[in-house]
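J.: Just need the structure, nothing else, for what follows:
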Amino acid sequence: MLTVRELGLRAKAVTGTLASAGTAAKNRALEEMAKSLEQHADAIYQANAADVEAAKAGGMRASLLDRLTLTPKRLAGAVAGVRDVAAQEDPVGVADGGGMRPNGLRIERRRVPLGVVGIIYEARPNVTVDAAALCLKSGNVCILRGGREAIRTNIALMEAMRAGVKNAGLPEDVIALCEDTDRRSAHDMMTATGLLDVLIPRGGAGLIRAVIENARVPVIETGTGICHVYADDGCDPEMAVRILVNAKCSRPSVCNAAEVFLCHSSMAERILPAAYDALAEYDVELRCDARAYQILGGRERVVPASDADFYTEFLDYILAVKIVDTLDEALREINTNGTGHSECIVTESYTRADAFLEHADAAAVYVNASTRFTDGGEFGLGAEIGISTQKLHARGPMGLTALTTFKYTIRGSGQIRV
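T.: Next up, the predicted model:
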C-alpha cells in the first residue's frame, strides 16, 4: 500500500506526459478504460457486494447504503459517462483571450491543466469513475481517496481503469487510488504541498469542513447542499408538491436534494396537508416550525423543529418545514442558512421569479423545477468532478473546463520594457 507521498511523487513524475498527450491519446485511454470496466464488471460487483454487506453489518442507514450500492444500471451509467467525456471537446490548449499590444507583443491566454488533483470523497463509487475520466481528459493527474466503506469497490474500479490506461499506452500512474482509508492519509493529502496542486473534497459537511480547516494546499469547496424549495404566494399547489417530492425523495442522500421547504403563509393551509400526504409515501419525517406544526401537528412523523434543523444537511428522509410571509423573508432564510448550492421557487409571478433568480445566492437557482437537476450530466457537461459552492475558482457543476487554468504566452521580436 503506497503512502500519499509515494503516490504524489509518482503523480508528479507523469504530469508532463499527460499534459502533453494529445486529444486522440486521451480519448483512446478513456475508451480503453470504459472497455476494461465492462470486462471486469463481475469482479466489481463482487467487491461492491462485500462493501455493502459490511456496511449493513455496521448499521449504515438505508439512504447511504443506496449511495454505496453499484447496480448494473449505475455501472453502465458510469461507463457511459466515461465515453461521454471522451466525446466532449478538449479544453486543453484552447486560446481564450489575448491579442496584439501596441508595442508588438502578441499575448495569448491558453487553457492548461491544473496539474495533480487530489479528491477526497465518501462512499460513492461513481465518483471514482467520474473523477478519473474528467481528470484524464483535462490533462490532470489524479489521486483519489474514497471512504473506507467503499474501499473494495474502489480498488476494483481503479484496477480496471488503470489496466485500460496501460492498454492505451499512457502511464498507469496518471490515475491512482489511495488505498489507505485511515484519517492520517486524509490529513497527508490536505498537507501535501509541492505534490498536490489542488484538493477537492466531495461529501458531507463534516468532511468538507475538515478539509477547509486543515488543508495547506488550495481547495475547491464542493458538495454541502442545504437546498430549499419555496412555494410562493399564488403558486400552483400541485406543481409545488410535485417538485418538492422529487427534490426530497428521488434520491435523498445526494447534495442536490431539498432539505428545507418554505411555504408562503397564504398557501400553507392548502399545500402543507397535500405535501404531507405525498411525502408520507416515502415515510418522510417533517420537522415543522411553530406555524407549520399548528397545521400538521398530531400526524405521524410530524415533530416540532429545532433551530438547527434549518441549517442541517440531513441526507435522509427528513425535511424541515417553515412558513414565511413574504418573498423577502424566504430569501433571508435561504441566504442565511443555505450553503449556496441549489435553490428553487415555485411561482406564477414573473416579477417574483425574476427577483428570486437575482437575489438567491446559490450556484444554481431554479424557477418551477426541482433542485435535483443540479448535475453535470443534466447541464450538458457530461460527468462532473463535483458541484462547487464557492465563487472561486469555479461555481456549480464542475466539468472539464473547471479543471483547467490559464497560461499566458507572449511572443515578441526583441522588445524590452523601459
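J.: What ranges does the stretch 101-250 of the chain have for its helices?
T.: Remark: helices assigned in the stretch 101-250 of the chain by DSSP state H, counting those that start in this stretch are 125-137, 151-167, 183-190, 205-214, 237-249.
J.: Need the winner for burial among these.
T.: Ranked by mean neighbour count, these are led by helix 125-137 with a mean of 27 (mean count of other Cβ atoms under 10 Å). Just so you know, the C-beta spots here come from the backbone N, C-alpha and C atoms, and that holds for glycine as well.
J.: That one - contacts with which helices or strands?
T.: Packing partners of helix 125-137 (3 or more Cβ pairs under 8 Å, 6 or more residues apart in numbering; DSSP states H and E): helix 23-39, helix 72-87, strand 116-121, strand 141-145, helix 151-167, strand 175-177.
J.: who wins for proximity to I385 among those?
T.: strand 116-121 (7.1 Å; Cβ to Cβ).
J.: quick one: strands adjacent to the closest one?
T.: strand 141-145 (parallel), strand 198-202 (parallel) (DSSP bridges).
J.: which one of those has the lowest average pLDDT?
T.: Among those, strand 198-202 has the lowest mean pLDDT, at a mean of 94.
J.: Does R332 lie in a helix or a strand, and which?
T.: Assigned by DSSP states H and E, R332 belongs to helix 327-337.
J.: Centre of the chain to that helix, how far?
T.: 24 Å (Cα atoms, centre = their mean, to the nearest Å).
J.: Could you do stretch 33-47 as well?
T.: Its chain's C-alpha centre and that of stretch 33-47 lie 24 Å apart, by Cα atoms, centre = their mean.
J.: and for it, what are the contacting residues?
T.: Here stretch 33-47 makes contact (Cβ atoms under 8 Å, 6 or more residues apart in numbering) with 70, 72, 75, 78-79, 82-83, 86, 129, 132-133, 136, 152-153, 155-157, 159-161, 163-165, 167-168.
J.: coming back round to it: including mean neighbour count and distance to C249, could the strands paired with strand 116-121 go into CSV?
T.: Shown next, in CSV, are the strands paired with strand 116-121 (neighbours: other Cβ atoms under 10 Å; distance: least, Cβ to Cβ, whole Å):
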stretch, mean neighbour count, distance to C249
strand 141-145, 26, 30
strand 198-202, 25, 22
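J.: Same list (these) but as TSV, adding distance to F356.
T.: Converted to TSV, these look like this (distance: least, Cβ to Cβ, whole Å):
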stretch	distance to F356
strand 141-145	37
strand 198-202	28
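J.: circling back: between the helices and strands packed on helix 125-137, which one is nearest to G59?
T.: Closest among the helices and strands packed on helix 125-137, using Cβ to Cβ: helix 151-167, at 17.7 Å.
J.: From S36, how far out is the nearest residue to L244 once chain neighbours are set aside?
T.: Once flanking residues are discounted, L244 sits nearest to V229: 5.0 Å by Cβ to Cβ, 6 or more residues apart in numbering. V229 is 41 Å from S36, where distance means Cβ to Cβ, to the nearest Å.
J.: Settle it for me: which of those two has more neighbours?
T.: V229 (28 against 23; other Cβ atoms under 10 Å).
J.: residues contacting that one?
T.: 240, 243-244, 247-248, 258, 260-262, 344, 346, 371.
J.: Same question for stretch 365-382: list its buried residues.
T.: Neighbour counts over stretch 365-382 (16 or more other Cβ atoms under 10 Å) mark 365-368, 370-377, 381-382 as buried.
J.: and L327, what does it touch?
T.: Shown in contact with L327 (Cβ under 8 Å, 6+ apart): 230, 232-233, 345, 352, 355-356.
J.: need the contact list for G93.
T.: 110-112.
J.: May I have the secondary structure class of it?
T.: Following DSSP: H, G, I helix; E, B strand; the rest coil, G93 is assigned to coil.
J.: Mind listing residues that contact stretch 165-179?
T.: 1-2, 4, 7, 10-11, 13-14, 17-18, 21, 25-26, 28-29, 31-33, 36, 128, 132, 135-136, 141-146, 151, 154-155, 158, 161-162, 185, 189.
J.: If you could redo that for stretch 73-82, that was the one I meant.
T.: 30, 33-34, 37-38, 41, 44-45, 125-126, 129-130, 133, 377, 382-383.
J.: Could you identify the most distant pair in those residues?
T.: Y45 and G382 (24.4 Å).
J.: re earlier: point out the least confident one among the contacts of stretch 73-82.
T.: The lowest pLDDT within the contacts of stretch 73-82 belongs to G382, which sits at 71.
J.: No more questions from me, cheers.
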